[in-house]
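>>> model the structure of this input:
(one chain, ligands or ions: 1)
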Amino acid sequence: MFKTLKSKISIVYLVLVVLVLIVGIISGINMYYLSKTIDGLMIDNYKSIKAVNLMNEELENQNNAILTFIYDDRQTAIKQFNQDNSVFYNWYNVEANNITEKNEGNYVDEIKSAYVNFTTSVSYLQGMPPDDKVGMLNYYNMKIKPNYEHIKDLLNSLAKLNEDAMFKKKTNATLDAKNSMYTILLVTLLAAIFGFIISLIFTNRFLKPMEYLIKSIREVKEGELDQVISIKTDDELGKLAVEFNNMIRRLKQYEESQLGKIIDERNKTLSIVKSINDPLLVLNSDYKIILLNGAAEELFGIEEKNAIDKHFLLSVKDEKLFEQINAIVDSKFNINKVEQVKYGDKYYDVTITPIKNYKSEISDILLVFHNITEFKELDQAKDDFISIISHEFKTPLTSIMMGTSMILEEKIGAINDKQRSTLVAIEEESEKLTELVNELIELTKIESGKEMYNFKCCSIFGIAQNTVKPLYNIANEKGVNLTNTIDEDMPCVYADPEKITWVLNNLITNALKYTDAGDDITISASVDGDFMQISVKDTGAGIPKEYKDKIFDKFFHVQNDDEFEIKGTGLGLAVVKEIVEAHGGKVWCESDIDVGSNFMFTLPICDERG
Ligand code: ADP
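A predicted model of the protein is given here:
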């Protein structure tokens, strides 16, 4: 019958409303009877008492009128008597029509007959001779006065009868009022208790399933998806429970399917990781190893079961590498960094890759160790070869250059024009070869670490001045505007002045090579934090975007099909890079075709000024 929550709540309200109605009706009935009793008091008895009192008054007036008649003014007395007579009858009629008490009627009848006797005897008195005052007084005392007193007695008894009745009714009314009050209080109390119990029972009934529902929802929130809510009612809560159960079922199916997918993916990842030949480690954000492959076990001489969940440094005792990993995590950038490490006689490139979670926080770090020992050895062999060849080339080249120069100067004998032009070509090529050999020797020295640096605090202004001075002539000859804007007040840099002179010279020479008459070359410097940034900017040919980084590789030339022929060895910028990086700085280039190039490098600033 009461299937819905709404109807259940309505019935509770209905019961409460009925209770209020019952209390109201009972109070109303009680009030009604009480007001009736009070009405009775006022109408029945008070009216009679008032009438009797007024009759008494009129009777006394009549008695006075009789005495006036005997002793004084007869006419006025008769008039007064008659007036009082009619008023007396008026009140008599009121009383006669308001008989409410037992015996009241008898009193009324008796009063009437006594009053008739009284008026009859007064008529007789009127007929007596006016001078016979003694006779009239005697008649009054004998006949009229006893009658008068009898009527008064009757009237007093009648008044008392009504007074007694009124008092009795008042007592009854007080009692009734008290009883009504108790009845209303009792009914109100009963209604309140009953209403409270009903509300309590129903509220508990309604709230119990709701509490159960809330508890279940909380458990589901904690991940308890095995919940089934058993609210068997047909109301809204029952329906809600059914829908909730459906939702949990769907959620569970979804979780199972997602979990399955995740497990599949994890297994796949594990298989891939395990099958990789390069040693591989995955660390969590606490730098604990959470995954490693066989190659890593072999490289670090550890077993997976002992290494998992242990700190990186307990298995891989490489603090320098740890610092690098730390720096990447601290930087919070999502960059891959390659570090070179040497374990035993093997070289590895370690790729450090931060892995970010859905909140874009670094949650794990992937380390892949790529064995580059073979390349290193080949590189070394190549460097050794170049070094040996360069040195071996140097002496014969010097002999060729000297010989050519002697012939050209005709110290050995006269030469003709054809021979001269051939010899000039030989000299030019030999110069190029010498430059190449010198740069090769420089590069191999730097790369092998054999080159010693003489770091000190030195003025970048001074270095630039010295470098630019000899190049002004070449620039002037080409019609290029070479300007050095480096200020004398610039802070000092911590550098090897000879090497930096070489770097600057190389960059300006390059700029001169790739500019034409009317172009500008500007050398400038600015402070960038702890570093000085030096720039060599030209308005020359520029470099295609795709070669911007390649130009720092050894033997690299930009393939130009325009008027610029290959003018160098392709080693200059490689040496520049090596030198700048040996200073803890970096070098890069911004360039646009036909707009020009800007080569920039940084050097650490030192505290002293020079
Ligand atoms: P090279 O001795 O051939 O100049 P570098 O290593 O100094 O060798 O330069 C590599 C290449 O970079 C050059 O061949 C040239 O193509 C390009 N390059 C260097 N400097 C400039 C420049 N200022 N303007 C245009 N191209 C340049």
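>>> the residue in the chain positioned nearest to the ligand in helix, strand or coil?
Nearest to the ligand, among the residues of the chain, is Gly568, at 2.1 Å (CB to the nearest ligand atom). For every residue, glycine as well, the C-beta is placed using N, CA and C. The three-state label for Gly568, taken from DSSP: H, G, I helix; E, B strand; the rest coil, comes out as coil.
>>> check contacts around it.
Residues in contact with Gly568, defined by CB atoms under 8 Å, 6 or more residues apart in numbering, are 510, 513, 557.
>>> buried only: go through those for me.
The neighbour-count test (16 or more other CB atoms under 10 Å) marks 510, 513 as buried among these.
>>> any chance of the contacts of Gly568 in TSV, plus pLDDT, secondary structure and distance to Ile593?
Shown next, in TSV, are those (pLDDT from 0 to 100; DSSP: H, G, I helix; E, B strand; the rest coil; distance: CB to CB, whole Å):
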residue	pLDDT	secondary structure	distance to Ile593
Asn510	93	helix	16
Lys513	91	helix	16
His557	81	coil	16
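>>> may I see the buried residues of the helix or strand of the chain with the lowest mean pLDDT?
Every helix and strand of the chain was ranked by mean pLDDT, DSSP states H and E. The lowest is strand 337-343, at a mean of 81. Neighbour counts over strand 337-343 (16+ other CB under 10 Å) mark 339, 343 as buried.
>>> list the contacts of Asn61.
So Asn61 contacts 80, 84 (CB under 8 Å, 6+ apart).
>>> A helix includes it, no?
Yes: checked against three-state DSSP, Asn61 lies within a helix.
>>> need the pLDDT of the closest residue in space to Gly542 that isn't next to it in sequence.
Setting aside the residues directly before and after it, Gly542 is nearest to Ile593 in space (CB to CB, 6 or more residues apart in numbering), at 4.3 Å. You'll see Ile593 listed with a pLDDT of 91.
>>> what's the neighbour count on Ile593?
Neighbourhood size, Ile593 [other CB atoms under 10 Å]: 11.
>>> next: Asn30.
When counting by other CB under 10 Å, one arrives at 19 neighbours for Asn30.
>>> which of the contacts of Gly568 come close to the ligand?
When contact is defined as CB under 6 Å from any ligand atom, those meet the ligand at 510, 557.
>>> strands of the stretch 151-300 of the chain, start to end?
In the stretch 151-300 of the chain, the strands defined using DSSP state E, counting those that start in this stretch lie at 280-284, 289-292.
>>> typo on my end, it should be the chain
Using DSSP state E, the strands of the chain run over residues 280-284, 289-292, 337-343, 346-356, 362-371, 456-459, 481-484, 492-495, 520-528, 531-538, 587-592, 596-604.
>>> so where's the stretch 201-350 of the chain uncertain?
331-337 (pLDDT under 70).
>>> get me the contact residues on the protein for the ligand.
Within the chain, the positions near the ligand by CB under 6 Å from any ligand atom are 510-511, 514, 538, 540-541, 543, 551, 556-558, 568-574, 597.
>>> out of these, which are buried?
Neighbour counting with 16+ other CB under 10 Å marks 510-511, 514, 538, 540-541, 543, 551, 558, 568-574, 597 as buried within those.
>>> surely Ala525 touches Met490?
Yes: taking contacts as CB atoms under 8 Å, Ala525 lies within contact range of Met490: 5.5 Å.
>>> now do the shared contacts for the two.
460, 532.
>>> count of neighbours near Ala525?
Taking other CB under 10 Å as the criterion, the count of residues near Ala525 is 22.
>>> quick check: beta-bridge partners of it?
Going by DSSP bridges, Ala525 is paired in beta bridges with Ile534.
>>> from Glu590, how far out is it?
Noted for Ala525: a distance of 16 Å to Glu590, by CB to CB, to the nearest Å.
>>> same thing with Asp131?
Per CB to CB, Asp131 is found 163 Å from Glu590.
>>> of these two, which one has the most company?
Higher neighbour count among Asp131 and Glu590: Glu590, with 16 against 8, using other CB under 10 Å.
>>> quick check: closest non-adjacent residue to the more buried one.
The nearest residue in space to Glu590 (CB to CB, 6+ apart) is Asn598, at 4.7 Å.
>>> return the residues in contact with the one you found.
Asn598 makes contacts with 535-538, 589-591, as judged by CB under 8 Å, 6+ apart.
>>> mind running it again at 6 Å?
By CB atoms under 6 Å, 6 or more residues apart in numbering, the residues touching Asn598 are 535, 537, 590.
>>> and for Lys382?
Contact analysis of Lys382 by CB under 6 Å, 6+ apart lists nothing.
>>> and the residue of the chain closest to the ligand, how far from Phe555?
As defined by CB to CB, Gly568 lies at a distance of 10 Å from Phe555.
>>> and the residue nearest the centre of the chain, what pLDDT?
With distances taken as CA atoms, centre = their mean, the residue of the chain nearest its centroid is Lys359 (15.5 Å). Note on Lys359: pLDDT of 80.
>>> correct me if wrong: Phe118 contacts Asn147.
Yes: when contacts are counted by CB atoms under 6 Å, Phe118 is listed as touching Asn147 (4.5 Å).
>>> and these two? Which one has more around it.
Phe118 (25 against 18).
>>> so what's that one up against?
Listed by CB under 6 Å, 6+ apart, the contact partners of Phe118 are Asn147.
>>> could you do Lys143 as well?
Applying CB under 6 Å, 6+ apart to Lys143 gives the contacts Ser121.
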